[in-house]
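**Q** Here is a sequence with its predicted model. Questions after.
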Amino acid sequence: MIIVRLSGGIGNQMFQYAAGRSLATLRKVPLKLDLSGFKNTAAGDTIRSFALGTFAITAESAQPEEVRELCGTHGNPRAKTMQNLADRLVPMPFKTRFREPHFHYTPDLLRLGNNVYLDGFWQSEKYFRDVRQIIQDEFSFRKPLTGENATMAENIASCSAVALHVRRGDFEANPVTNRYHGTCPPEYYRQAMTLVSGMVSNPHFFIFSDDPAWCRKNLDPSRAMTFVDHNTTDSADEDLRLMSLCGHAIIANSSFSWWGAWLIHNPDKVVVAPHKWFNERTINTDDLIPSSWRRI
């Protein structure tokens, strides 16, 4: 059994699920999800909840006793100290808990055994590229498109659609998040739109953002654009679905838009991503962006 700890928003949860599914498939064992991280939110953090129910995922929730079996007793300082020591000393194939050692890809995850608890973000396609079709199938949407989203999907299908995602929201408003992540400046989007316009014939940009007013003020008005602003925070997964229906993408420094681009089925898609992903320059993001995407 593989148990993966879920945390963060829908994009982070998708990375965590995909890494867990990859290891579970490799080891031919069930995948289960630890949802306990959503019960308590640290001061200054954005409140999150389980967001993968919109997808056709097959993993079930892990029971508390199953989590304890693999990662030790929570809340007991002595037990935690012993578990941390075991994490460092136990050989890779025999570990029952594996914490992500750093942000960039670690091949050690796919060397683990068949009874492991995974704790990390796992933000690299390298963890699950060998099970790409399985991930795409599980991240298909359970319910059909309806209403304005169905109409927008028809508009997207009728042109050379480019999803452009601007993430501001908590990245801008939350001081803790802003110091860590930051936001992409207008110059990035202008350069990206110019790059895509040189590679895609008659592109039409579909703008997805939690700050449409900023987009209207800062994006090049001479471009063919449609603002997709009818979905709310509670239906953000519908924005993700519409992004995935486009042929190409310009993404923000956001795991949400990363997945919107990754789920695009067009084999010739052009995807542009920001080179600066975090304000914290010491974080190695070399493995975050697939090699076929362009960073500027």
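**A** That came through, no problem. Numbers count the residues shown, from 1 in each chain.
**Q** rest of the way, CA atoms for contacts and neighbours
**A** Noted.
**Q** Let me see the mean pLDDT of stretch 286-294.
**A** Stretch 286-294 shows a mean pLDDT of 98.
**Q** Check stretch 105-116 too.
**A** Here the average pLDDT along stretch 105-116 is 96.
**Q** Pull the distance from that stretch to the chain's centre.
**A** Averaging C-alpha positions (CA atoms, centre = their mean, to the nearest Å) puts stretch 105-116 20 Å from its chain's average.
**Q** Then stretch 136-149?
**A** The answer for stretch 136-149 is 17 Å, by CA atoms, centre = their mean.
**Q** And stretch 258-277, by the same measure?
**A** 12 Å.
**Q** likewise stretch 151-171?
**A** Worked out by CA atoms, centre = their mean, stretch 151-171 lies 17 Å from the chain centre.
**Q** how about it as PDB, C-alpha atoms only?
**A** C-alpha atoms of stretch 151-171 as PDB (Å, rounded to 0.1, in the frame of the first residue of the first chain):
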ATOM      1  CA  THR A 151     -20.600  27.500 -24.400                       C
ATOM      2  CA  MET A 152     -17.000  28.600 -23.600                       C
ATOM      3  CA  ALA A 153     -15.700  25.100 -24.600                       C
ATOM      4  CA  GLU A 154     -17.400  25.500 -28.000                       C
ATOM      5  CA  ASN A 155     -15.700  28.900 -28.400                       C
ATOM      6  CA  ILE A 156     -12.400  27.300 -27.500                       C
ATOM      7  CA  ALA A 157     -12.800  24.500 -30.000                       C
ATOM      8  CA  SER A 158     -13.600  27.000 -32.800                       C
ATOM      9  CA  CYS A 159     -10.200  28.800 -32.900                       C
ATOM     10  CA  SER A 160      -6.500  28.500 -32.200                       C
ATOM     11  CA  ALA A 161      -7.100  28.800 -28.500                       C
ATOM     12  CA  VAL A 162      -4.300  29.700 -26.100                       C
ATOM     13  CA  ALA A 163      -5.000  29.500 -22.400                       C
ATOM     14  CA  LEU A 164      -3.400  32.300 -20.500                       C
ATOM     15  CA  HIS A 165      -3.400  32.100 -16.700                       C
ATOM     16  CA  VAL A 166      -2.600  35.000 -14.400                       C
ATOM     17  CA  ARG A 167      -2.300  34.000 -10.700                       C
ATOM     18  CA  ARG A 168      -2.500  36.800  -8.200                       C
ATOM     19  CA  GLY A 169      -5.000  36.300  -5.400                       C
ATOM     20  CA  ASP A 170      -3.300  34.900  -2.400                       C
ATOM     21  CA  PHE A 171       0.100  35.200  -4.200                       C
END
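**Q** Many thanks, I have nothing further to ask.
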